[in-house]
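K.L.:
sequence first, predicted model second:
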Amino acid sequence: MTDILAGLNEQQRQAVTATEGFIRVIAGAGSGKTRALSHRFAYLVNEIGIMPSNILCVTFTNKSAHEMKHRIRRLCGDNDTGYISTFHSFCVTVLQEDINAVHYPKSFLVLDNSDINDMLKVIYEERGLTLRHMTFSKARDMIEIRKLFKDPEYYKFMVSLSLEELHLKYLNALEAEDIIFWGYLYQEKKCFGLDYNDLIKYVLHIFSVDAGIRLKWQQRLEYIMIDEYQDIDELQYRLMKVLCDYHKNLFIVGDPDQTIYTWRGAKLKYLLDFDQEFPQVRTIMMMENYRSTPQILAAANSLIGNNKNRINKVLLPTLPGGVPVVYHHAKTAEAETRWIALQIHELVAQGVKLSDVTILYRAHFISRTLEEVFLKEKLPYTIYSGVQFFGRMEIKDTLSYLRLIVYKDDLSFLRVANVPKRNIGVRRMNFLKDYAAQNQCSLYSALERTIDHEIFKGTKAKGFFDLIEGFSAGYQTVPVSDLFNSLLDQSGYEAMLRTEGSQERLDNLAELKQSVYEYEITSGEENTLENYLSHIGLLTNTDTAYNKNTVKLMTIHTAKGLEFPYVFLCGLGEGVFPSKKTATLEAMEEERRLAFVAFTRAEKALYLTDAEGRNLDGSYRYPSRFIFNVDKDLLVYTAELDEGLVKESNWHIGSSEKLIEAKSSEFTFRPGDRIVHGIMGAGEVIGINRDKAAYLIKFDDLGTVRNISLRAKIEAENGR
Ligand code: ATP
Ligand code: MG
């Protein structure tokens, strides 16, 4: 008992020991929310005797899930760690058990971006579309948005229509968007694939059509805990609500100042209205910060104090004083990065490890300059981009081999049949595609049935087929890591990379091997190849390569929930951060919360930097308002800013804020309303221009239509 409660403050103890009912923890950054959550898990298991497999613990990243699993295993000495995972990963687990309810096989595939691209390629080829119609990344966004908002019940088609019926819908589609959308649904169903958006939808659907399955999961999950609750979105909320409806034990933690995903549908109201949604909610607040120095906290508090729409709370320091927060303004992006490199060299000279240094930025493109300079400066770094590590070519190829062994699906087949080269080029592949289409079979079985055809004479098709057959006959009895190594060897894939001389690719493979190995030791009894494959698609490179002694580079979104001793927040220029796209007051406050998240990642020291230059649209880049938002005496400027620059910045920021304010304010008149303008006289509103925060007005006395700013004094005509 003492073990679990030691090292917790009074509020944390309450959070840990209040096990029953609906509990909400609202607390600031670094106040020990995540710590309370993991201790609560241990408390439930060790002190109360709850089985880990009856607890669902939702973390925001796979990395925190891993960490928590390790910790629980240490505490409980048990291989069974229950359901500690992200929402998506949990859904994969549910589907692995129950997807049969919608007549999908348990061997469904989890699709990532590069799988989706492969499917798009097929669709574009078949229907003569080009990237000019829509780039792949736009197409993926379109599909996502359509699934979320425009066709939210698309999954019903996927589940109920036969493959032929879906195919027909695709063939009948005329517009590019429809062709892509239906083509994609058809492709998905063809390989029983599910993308991230499908995962929760399918689970919710299964729960709604099969009360037995729903009840089974409700009964199984005696306790549910959720971290980073301020960023929960509607689908996740619905899922959580269903799941906790039987035992009614739900524990959530969140910080309203750290909501940074409203652009993707996260809703803070779920945290704020929690006590109205659920009965007898107990709320616990924690304000003491255990992560950062008082200097860092003072700057962070000062920054977030500029948000009007917030519950006022101040983080209280518990750690002793440290060094001041430093702000450095540079003339160019290169100079900015060189300054950062210099500071890092100095830190290293003082004995700081490179892995204790993290560089955060708002947008990916900033990392390019960083990389260039770091290469020159010989500073080793790792980019934790949040894009899928598993989307890289060599990783994808290797995983496709593994998938082929289990599923023999077309996607994987297309990827690796001719990698390394086996003389199965376009002509022979087309032969297989035709055969498969005529005989309604997969490409793999097409190959099986035509392997003696003369078209394959002189190719290595037979060798490839034998390789896959050999492995799929015995894979269940071999540990995944062994299988993996012999596959890389016997397929000639690793040898091919070696011949190409690509060290980076070989390194990535080594990293993958390591992750397979780690998977094996952490997954206990579930460590089958199928299980590995269905979860791996959800991982990003943030989850791997964490232990290298290199500087970490990542976006702030990726850094959420994490902490680092030394943090550089760079690219703090207007147009970059806040981003150029920030058009409303709410969006600006979200940008500020994002900056707050960045500040509060730092433990010992925080450096803020920016560089003059031009934004993509040619506008001049001033220092970010987030610098000026911090009380000046809480920052140490490496050099005083030019007086002219400060003046111009203030003017620029002031006018941008006015515009945003105007844009966010209400349009009192609607098109068709009659109005009177103080100078121009009477007229009619014929439109609204939200971007410019203006009305389009046709004045009775003027021949043409005018844009009139919202700031102008306009009254309703009959109001006089
Ligand atoms: P965030 O909002 O950024 O997710 P958090 O509230 O989840 O932060 P934690 O990550 O749990 O905060 O804790 C921040 C740091 O403070 C961690 O290093 C943690 O180990 C430490 N910590 C938490 N509680 C205590 C405590 N009672 N005594 C000492 N250290 C603590
Ligand atoms: Mg946390």
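P.N.:
All right, it came through fine. Ligands and ions are numbered 1, 2, ... in the order given.
K.L.:
what about the closest residue in space to residue 530 that isn't next to it in sequence, how many neighbours?
P.N.:
Setting aside the residues directly before and after it, residue 530 is nearest to residue 406 in space (Cβ to Cβ, 6 or more residues apart in numbering), at 5.9 Å. Heads up, the C-betas are built off the backbone N, CA and C, glycines and all. Residue 406 is flanked by 20 other residues according to other Cβ atoms under 10 Å.
K.L.:
do the same with residue 701
P.N.:
Around residue 701 there are 8 other residues, counting by other Cβ under 10 Å.
K.L.:
the one 3 residues further on too?
P.N.:
Here the count is done by other Cβ under 10 Å, and residue 704 has 6 residues near it.
K.L.:
surely it forms part of a strand?
P.N.:
No - using DSSP: H, G, I helix; E, B strand; the rest coil, the secondary structure at residue 704 is coil, not a strand.
K.L.:
which helix or strand contains the residue of the chain found nearest ligand 2?
P.N.:
In the chain, no residue comes nearer to ligand 2 than residue 34, which is 3.3 Å away by Cβ to the ion. Secondary structure assigned from DSSP states H and E places residue 34 in helix 33-42.
K.L.:
from this protein, which residue is nearest to ligand 1?
P.N.:
residue 32 (2.8 Å; Cβ to the nearest ligand atom).
K.L.:
what's the neighbour count on the residue of the chain closest to ligand 2?
P.N.:
Using other Cβ under 10 Å as the criterion, residue 34 is surrounded by 20 other residues.
K.L.:
where's it relative to residue 594, distance?
P.N.:
From residue 34 across to residue 594, the span is 19 Å (Cβ to Cβ, to the nearest Å).
K.L.:
what average pLDDT does the longest helix along the chain get?
P.N.:
Among the elements of type helix in the chain, defined by DSSP state H, the one spanning the most residues is helix 643-664. Throughout helix 643-664, pLDDT has a mean value of 83.
K.L.:
helices and strands around it, which ones?
P.N.:
With contacts taken as 3 or more Cβ pairs under 8 Å, 6 or more residues apart in numbering; DSSP states H and E, helix 643-664 sits against helix 585-599, helix 625-628.
K.L.:
and the angle from it to helix 585-599?
P.N.:
Between the direction of helix 643-664 and that of helix 585-599, the angle (axes from the mean of the first three to the mean of the last three Cα atoms, to 10 degrees) works out to 130 degrees.
K.L.:
pull the residues that contact helix 643-664.
P.N.:
Residues from elsewhere that reach helix 643-664, judged by Cβ atoms under 8 Å, 6 or more residues apart in numbering: 574, 582-586, 588, 620, 622-623, 625, 628, 641, 690-691, 693, 709-711.
K.L.:
beyond it, next helix or strand please.
P.N.:
strand 674-677.
K.L.:
each with direction, which strands does the following helix or strand past that next one pair with?
P.N.:
For strand 674-677, the following helix or strand on the C-terminal side (DSSP H and E) is strand 681-689. Within its sheet, strand 681-689 is paired with strand 674-677 (antiparallel), strand 694-699 (antiparallel), according to DSSP bridges.
K.L.:
columns mean neighbour count on top of those strands, output as JSON lines?
P.N.:
Written out in JSON lines, the entries for the strands paired with strand 681-689 read as follows (neighbours: other Cβ atoms under 10 Å):
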{"stretch": "strand 674-677", "mean neighbour count": "18"}
{"stretch": "strand 694-699", "mean neighbour count": "20"}
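K.L.:
would you turn the ones you listed into a markdown table with mean pLDDT?
P.N.:
Supplementary listing: the strands paired with strand 681-689 in a markdown table, determined by pLDDT from 0 to 100:
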| stretch | mean pLDDT |
| --- | --- |
| strand 674-677 | 91 |
| strand 694-699 | 89 |
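K.L.:
can you lay out the ones you listed as TSV showing distance to residue 366?
P.N.:
Formatted as TSV, those follow (distance: least, Cβ to Cβ, whole Å):
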stretch	distance to residue 366
strand 674-677	45
strand 694-699	33
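K.L.:
of all these, which one comes closest to residue 15?
P.N.:
Ranking the strands paired with strand 681-689 by distance to residue 15, with Cβ to Cβ as the measure, places strand 694-699 first at 50.1 Å.
K.L.:
for that closest one, the distance to its chain's centre please.
P.N.:
In this view, strand 694-699 has its centroid 42 Å away from the chain centroid, taken as Cα atoms, centre = their mean, to the nearest Å.
K.L.:
tell me the mean pLDDT over the helix or strand just after it?
P.N.:
From strand 694-699 onward toward the C-terminus, using DSSP H and E, the following helix or strand is strand 706-709. For strand 706-709, mean pLDDT rounds to 86.
K.L.:
may I have strand 706-709 as PDB, with CA atoms only?
P.N.:
The C-alpha trace of strand 706-709 is given here as PDB (Å, rounded to 0.1, in the frame of the first residue of the first chain):
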ATOM      1  CA  ARG A 706     -20.100  47.300 -52.100                       C
ATOM      2  CA  ASN A 707     -18.200  45.300 -49.400                       C
ATOM      3  CA  ILE A 708     -19.000  47.100 -46.100                       C
ATOM      4  CA  SER A 709     -16.900  46.100 -43.100                       C
END
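K.L.:
show me what secondary structure element comes after it.
P.N.:
Once the chain leaves strand 706-709, the next helix or strand it forms, by DSSP H and E, is strand 714-716.
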